[in-house]
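Undergrad: no sequence for this one, just the structure:
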């Protein structure tokens with residue numbers, strides 16, 4: 001049995017011996033992306049399981065260990081962990097918990113402390129928590145090596161592309177279930193390629209992009225036009241079906257096409273913030289140069305994906321630099337808490353690309369989002385009168401029916417605006 005080791009602050013460390021014996025539990029946020037991330041970690045020798053528990057018990061467990069005024073995503077992530085530990089059939093003495101930290105002044109740095117506090121309260125402080133971050137914490141049994149980070153970038157790009165084309169096909173498919181089957185097929189195909197060392201350079205990735213686009217393009221679709229609805233917001237609530245009560249499924253059931261900006265821009269944004277820190281506050285130029293190098297590589301991969309989409313019938317998103325240009329005059333680059341200026345930029349990109357209807361999903365009381373999300377809606381509507389934006393709050397006490405009714409009202413307004421625009425064209 002692996003010996004428990006602690007650092008000088010008394011924090012339990014995930015050791016190399018634990019890597020061989022322990023199962024690492026990873027919370028869910030993006031099913032397509034995270035399944036590929038999980039497979040890449042398996043290839044590195046880690047035993048990783050993805051948590052998909054979504055029952056009300058997750059919320060109840062979160063409320064036991066996290067104050068109800070605390071960030072809703074924190075409550076859900078910790079609740080998902082605690083529910084899995086208690087009810088998932090795991091040996092609590094043979095598991096570790098995997099959580100990311102981006103180092104921001106919001107939940108991005110506080111989850112780790114809240115999770116450890118919850119484990120102590122439950123009498124399970126012996127369970128190690130792996131902090132996946134750049135320099136905030138380290139564990140001798142887990143490290144973000146350069147080869148692993150490169151693989152994770154490819155997984156993110158594949159995930160963004162599949163999510164993009166899936167959402168452009170699923171609402172229109174003739175044979176129900178075909179799109180979801182294609183998503184599953186491509187996850188399995190990519191995992192198989194990863195296991196054989198394929199798809200892990202840009203040339204192979206570009207070929208993979210073309211193959212994925214061709215397969216989704218071959219799915220039979222109805223020749224109808226649906227209302228497009230963009231989904232933006234706090235990153236967890238934006239992406240997680242547990243956090244947003246299956247928002248994308250609801251939009252499709254209401255006859256809309258969800259348009260969800262991918263994960264790539266957020267990752268570039270987080271790296272770019274380190275560059276902004278040096279420019280505004282000073283710091284080591286070596287840090288700035290390293291971040292610019294990382295940004296450049298990810299942006300090249302992003303352009304590969306965008307170029308592949310532009311050569312197809314599918315709509316392509318803009319790149320990170322276009323987002324920076326769009327937000328000029330609205331928010332400064334020093335406004336980077338939480339999703340920062342990126343959230344406003346995503347709304348602007350949606351509007352400029354013809355998706356005027358937007359759901360801004362946010363945890364109730366999330367101060368960054370009340371500024372860069374809900375707080376910017378008035379300014380956007382003043383400049384773009386046809387924009388149709390609704391802010392939806394999510395927390396343990398918010399009722400799903402109230403959230404859906406507000407979205408239905410936004411959709412009714414969207415259909416009215418579309419009808420008026422069509423009549424104006426024919427007049």
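TA: On my side now, so go ahead. All values derive from a computational prediction rather than experimental measurement. Numbering: from 1, shown residues only.

Undergrad: who's in contact with stretch 139-152?
TA: Stretch 139-152 is contacted by residues 5, 13-19, 37, 40-41, 43-44, 46, 128, 130-132, 134, 194, 200 when judged by CB atoms under 8 Å, 6 or more residues apart in numbering. In short, each C-beta sits where N, CA and C put it, glycine included.

Undergrad: buried residues in stretch 5-21, which are they?
TA: 5, 12-15, 18-19 (16 or more other CB atoms under 10 Å).

Undergrad: residue 75: which of those is nearest?
TA: Closest approach to residue 75 among the buried residues of stretch 5-21 (CB to CB): residue 12, at 22.9 Å.

Undergrad: distance of the closest one from residue 124?
TA: To residue 124, residue 12 is 11 Å away according to CB to CB, to the nearest Å.

Undergrad: for residue 302, give me its contacts.
TA: By CB under 8 Å, 6+ apart, the contact set of residue 302 is 157, 264-265, 268, 319-320.

Undergrad: same question, residue 16
TA: Residues in contact with residue 16 (CB under 8 Å, 6+ apart) are 140-141.

Undergrad: what are the buried residues along stretch 253-267?
TA: Applying 16+ other CB under 10 Å to stretch 253-267 flags 254, 256-267 as buried.

Undergrad: inside helices: which ones of those residues?
TA: Judged by DSSP state H, helices contain the following of those: 264-267.

Undergrad: return the closest of those with respect to residue 190.
TA: Distance to residue 190 across those (CB to CB) is lowest for residue 264, with 16.4 Å.

Undergrad: that closest one contacts residue 157, correct?
TA: Yes: because the distance of 6.7 Å satisfies CB atoms under 8 Å, residue 264 is recorded as touching residue 157.

Undergrad: common neighbours of those two, please.
TA: Shared contacts of residue 264 and residue 157, counting by CB under 8 Å, 6+ apart, come down to 301-302, 305.

Undergrad: re earlier: same list, the ones in helices among the buried residues of stretch 253-267, but as CSV with pLDDT and distance to residue 229 please.
TA: Conversion of those to CSV gives the following (pLDDT from 0 to 100; distance: CB to CB, whole Å):
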residue, pLDDT, distance to residue 229
264, 97, 21
265, 97, 19
266, 95, 20
267, 94, 24
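
Undergrad: just send those residues back as a markdown table, with distance to residue 342 too.
TA: Formatted as a markdown table, those follow (distance: CB to CB, whole Å):
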| residue | distance to residue 342 |
| --- | --- |
| 264 | 11 |
| 265 | 6 |
| 266 | 7 |
| 267 | 11 |
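
Undergrad: and which of those residues is nearest residue 284?
TA: Lowest distance from residue 284 to these (CB to CB) belongs to residue 267, with 21.5 Å.

Undergrad: who are the contact partners of the closest one?
TA: For residue 267, the contact set (CB under 8 Å, 6+ apart) comprises 156, 298.

Undergrad: gap between it and residue 65?
TA: 29 Å.

Undergrad: how far off centre is stretch 115-134?
TA: Between the mean C-alpha location of stretch 115-134 and the chain-wide mean there is a distance of 23 Å, by CA atoms, centre = their mean, to the nearest Å.

Undergrad: now do the buried residues in that stretch.
TA: By neighbour count on 16+ other CB under 10 Å, the buried set for stretch 115-134 is 115-116, 118-119, 122, 127-133.

Undergrad: could you pull out the helices for the stretch 251-400 of the chain?
TA: In the stretch 251-400 of the chain, the segments counted as helices under DSSP state H, counting those that start in this stretch are 264-281, 285-310, 320-326, 340-352, 367-372, 377-383, 400-426.

Undergrad: pick the most deeply packed of those helices.
TA: Stretch with highest mean neighbour count among those: helix 340-352 (a mean of 25; mean count of other CB atoms under 10 Å).

Undergrad: packing partners for that one?
TA: strand 227-233, helix 264-281, helix 320-326, strand 357-363, helix 367-372, helix 377-383 (3 or more CB pairs under 8 Å, 6 or more residues apart in numbering; DSSP states H and E).

Undergrad: next, the angle strand 357-363 makes with it.
TA: 160 degrees (axes from the mean of the first three to the mean of the last three CA atoms, to 10 degrees).

Undergrad: report the inter-axis angle for helix 340-352 versus strand 227-233.
TA: On the basis of the same axes, to 10 degrees, helix 340-352 is oriented at 180 degrees to strand 227-233.

Undergrad: tell me the mean pLDDT for helix 340-352?
TA: Taken as a whole, helix 340-352 has a mean pLDDT of 97.

Undergrad: one more: stretch 219-230?
TA: Rounded mean pLDDT across stretch 219-230 is 95.

Undergrad: and if you look at stretch 314-321?
TA: Mean predicted confidence for stretch 314-321 is 96.

Undergrad: ok, the buried residues of stretch 5-21 vs residue 70, which is closest?
TA: residue 12 (22.7 Å).

Undergrad: please report how far that closest one lies from residue 245.
TA: According to CB to CB, residue 12 and residue 245 sit 35 Å apart.

Undergrad: mind listing what's buried along stretch 381-396?
TA: The neighbour-count check on stretch 381-396 (16+ other CB under 10 Å) flags 387-396 as buried.

Undergrad: then stretch 206-224?
TA: Going by neighbour count (16+ other CB under 10 Å), the buried part of stretch 206-224 is 208-209, 212-213, 216, 219, 221.

Undergrad: and that stretch, how far out from the chain middle?
TA: Its chain's C-alpha centre and that of stretch 206-224 lie 23 Å apart, by CA atoms, centre = their mean.

Undergrad: so how far is the one helix or strand in the chain whose mean pLDDT sits lowest from its chain's centroid?
TA: Least confident helix or strand of the chain, by mean pLDDT, DSSP states H and E, is strand 5-6 with a mean of 79. Relative to its parent chain, strand 5-6 has a centroid offset of 32 Å by CA atoms, centre = their mean.
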